[in-house]
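J.: Kindly return the folded structure for what I paste below:
(chains A and B)
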Amino acid sequence: MLLIWAVLFYLAATLIPSQSEERLLQVNRALESTRAWNMIKSEQKIWGNGKEELKTTTLNEQASFTGWAVSESALTEEQSFKFEVYFQQDMIYVRSNGEWIKLDYSHPMAGELEGLRDPLAFWQRNLKNVSQIRLIKVNETLIHYNLQLSPFRDQIHGILFEDLQKASIDVWIKKEPYGVQKMTLHCEFKPSLNRLYEKIDYEVLLSEVDQPYDKKLPQDALKARKME
Amino acid sequence: MVKKRIWNEILHFLHAVLILILFLSGLILYFPWLRIFFIEYRWTIREFHTWIGFGYFLLIILAGPIIFRYIRDRLIWRKTFHICLMITLGLGWTVSGTILYLNAPSYLGLRQASILVHDSLSLFIPFWVTGHILLWYVKKKKIFIPRQSSRDQGPLLTRREVLILFAGGILSFALGGIWKWMQPISPSFLSSLKQVKARGYFRIYSIRNDPPLFNPQDWQLTVDGIVENKLTFTFDQLLSLPKTQFNHDFHCVTGWSVLGVAWEGVSFQEIIKLANPKTQYVKMYSSDEFYTETYELTQLNKPNVILCYNLDGKPLITSQGAPLRLFHPDMYGFKSIKWLHRIEFVERRDLGYWEEKEGYDLNGYIS
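T.: Predicted coordinates for the structure are as follows:
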């Protein structure tokens, strides 16, 4: 009899998720729903030690696998590096200082642009590093969760996340239309003489665009030099 | 007495009819081909199934006192077992059915568990009911009369123990669920989340700043050393050999990976077959003859160790080792020599470039 009770206890413990797991499933589901939007606009910012280092705006149309992005990263106090990217189905076109180059998706540089091509991948990938999740607030329109992360190793926008002391994500889920509205990552690194930043903050704001995608590849891009 | 008996029979009949209606309507909702067949009425059938289910639950509640008196009056362990089982099934269907009906988006995992419980209990019921009817028929027709034993004592359990078994079982299941609800996120759950892997991208590592450029007019691959047949291939001749294609991850010893790369080329086994080597070691040379790697023949004599000329559906570019590189799926990238130019079958195995320079492992297997 005890054995049967133990088996039933174990069955229930296996079948039924924990409350934390339900919440994480909800975050995952929100990200999946966001991916299903026909066109996603993202505005991403990165701060290093509290100073804005990178700002990007992207527009991605899921069905046609096309997208557009503009990125600006700080070089010095006064100067910044800007470039514009057009993601076509088989080729990536990049314009900087009026010059065009093109590269295909298997080129090493294509990996550096992943954060512009798919703004959600980095966040969804790191859900598997979540150690704790807390519900912060629920109101009529938004659900706010805080996720504590175990130390992880990943890379986005040229920033390598490793040797982390602390990392957490805040996510705001919109109830209608269902999806993620905003995500922020706060990381603190282990002290190191070789490291430029002690902390990094990364934010992405997402919205669904209910208009046809209108970022056509400019004609002069066709003369782009192919990157080897 | 007669009135009581009639009520018992009415309840029994009603219970059977409700179970049958729920089972049949549930079958339509369960099997995809039936769902499609009744597609226009699917929501109506779902509502109907739900309301009958609610009625079934009400029946159990309202008939509770009558059922209790029935068990108390008969004191037969078989009847106690059967009724306890029916009540347990009814509770299981009601709880899981309610969760499914509410369909709260915040409880996706609980909904999935409820579907599993609801369907499992439902698939069990036809077997139990068939046995129940068969037993009644056999007894009625006196085909088989069971040996008269104590009404209170079954083969394994007494009537009291049956009651304790079911009560304890329901409690154990409930406690298991409550305990799990309060637990933190489990590693097995995290690994079950859909993996959005960082495909990664190839970093370009080269010992020279000026990688060799491929000229299809004069490029050739030489296969020589201790072999029966020395060979020379132009690029076109290489392309004409039997082709091998597969997807596999690429791992660099420095820690980065590219996942799901599509590799295409000639299996090294084809080279072995044509050259017929008479030795156990292989040395490969990059175009500059400076970067080399060495192997045991047995390490290369596998179908998915290839001389690769296409990566992700396109010819290799210069930085990837055009026109030809080795790919060994079980070894780190430094063993998959780029700009491959010569394959020599040798008597003795030396160290390759990185093994000699930095003490890398000679075999370079991915760990």
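
J.: what residue ranges in the chain score low on pLDDT?
T.: Defaulting to chain A. A:63, A:106, A:228 (pLDDT under 70).

J.: Sorry, I should have been clearer: chain B.
T.: Scanning chain B for pLDDT under 70 picks out B:1-2, B:104-105, B:143-155, B:194-211, B:253-257, B:259, B:367.

J.: Where is the longest strand in it?
T.: In terms of residue count, the longest strand belonging to chain B (DSSP state E) is strand B:257-267.

J.: any chance you could map the strands in chain A?
T.: With DSSP E as the criterion, chain A has strands spanning A:39-48, A:51-61, A:66-74, A:80-87, A:92-96, A:99-103, A:130-138, A:142-149, A:154-156, A:159-161, A:164-174, A:179-189, A:199-208, A:225-226.

J.: want to throw the ones you listed into TSV with mean neighbour count and distance to B:Leu29?
T.: (C-beta placed from N, C-alpha, C; glycine too.) Shown next, in TSV, are these (neighbours: other Cβ atoms under 10 Å in any protein chain shown; distance: least, Cβ to Cβ, whole Å):
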stretch	mean neighbour count	distance to B:Leu29
strand A:39-48	19	35
strand A:51-61	19	36
strand A:66-74	19	40
strand A:80-87	17	43
strand A:92-96	19	47
strand A:99-103	17	51
strand A:130-138	15	32
strand A:142-149	18	30
strand A:154-156	19	43
strand A:159-161	16	46
strand A:164-174	18	30
strand A:179-189	20	29
strand A:199-208	19	32
strand A:225-226	10	56
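
J.: With distance to chain B added, can I get those strands in a markdown table?
T.: Formatted as a markdown table, the strands of chain A follow (distance: least, Cβ to the nearest Cβ, whole Å):
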| stretch | distance to chain B |
| --- | --- |
| strand A:39-48 | 15 |
| strand A:51-61 | 15 |
| strand A:66-74 | 16 |
| strand A:80-87 | 15 |
| strand A:92-96 | 12 |
| strand A:99-103 | 10 |
| strand A:130-138 | 6 |
| strand A:142-149 | 8 |
| strand A:154-156 | 7 |
| strand A:159-161 | 10 |
| strand A:164-174 | 10 |
| strand A:179-189 | 12 |
| strand A:199-208 | 15 |
| strand A:225-226 | 10 |
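
J.: and the longest helix seen in chain B with chain A, contact?
T.: For chain B, the helix with the greatest residue count under DSSP state H is helix B:108-140. Yes: using Cβ under 8 Å from any Cβ of the partner chain, we find that helix B:108-140 touches chain A at B:108-110, B:113, B:116-117.

J.: Find the residue closest to the closest residue to chain A within the stretch 1-150 of chain B in space, skipping its chain neighbours.
T.: Here the stretch 1-150 of chain B gets closest to chain A at one residue, B:Gly109, 3.2 Å apart by Cβ to the nearest Cβ. Using Cβ to Cβ, 6 or more residues apart in numbering or on different chains and skipping residues adjacent in sequence, the residue nearest B:Gly109 is A:Pro17, 3.2 Å away.

J.: try B:Pro323
T.: B:Phe214 (4.6 Å).

J.: same deal with A:Leu185?
T.: Counting by Cβ to Cβ, 6+ apart, the residue nearest A:Leu185 is A:Tyr202, at 4.3 Å.

J.: which residues does the one you found contact?
T.: Contact analysis of A:Tyr202 by Cβ atoms under 8 Å, 6 or more residues apart in numbering or on different chains lists A:44-47, A:156, A:159, A:184-185, A:187.

J.: what about 7 Å?
T.: Residues near A:Tyr202 by Cβ atoms under 7 Å, 6 or more residues apart in numbering or on different chains: A:46, A:184-185.

J.: do you know how far it is from B:Arg348?
T.: Relative to B:Arg348, A:Tyr202 is positioned 53 Å away (Cβ to Cβ, to the nearest Å).

J.: Could you do B:Gly53 as well?
T.: From B:Gly53 to B:Arg348 the distance is 78 Å (Cβ to Cβ).

J.: Specify which residue of the two has the higher count of neighbours.
T.: When neighbours are counted by other Cβ atoms under 10 Å in any protein chain shown, B:Gly53 and B:Arg348 differ, and B:Gly53 comes out ahead with 23 against 9.

J.: Identify the bridge partners of A:Thr58.
T.: Counting by DSSP bridges, A:Thr58 forms beta bridges with A:Ser42, A:Ala69.

J.: related to what we said a few turns ago, any figure for the gap between the residue nearest to A:Leu185 and A:Lys182?
T.: According to Cβ to Cβ, A:Tyr202 and A:Lys182 sit 12 Å apart.

J.: count of residues packed around B:Pro212?
T.: 18.

J.: One more: B:Lys139?
T.: For B:Lys139, the number of neighbouring residues by other Cβ under 10 Å comes to 12.

J.: and if you look at the one 3 residues further on?
T.: Under the neighbour criterion other Cβ under 10 Å, B:Lys142 is assigned a count of 7.
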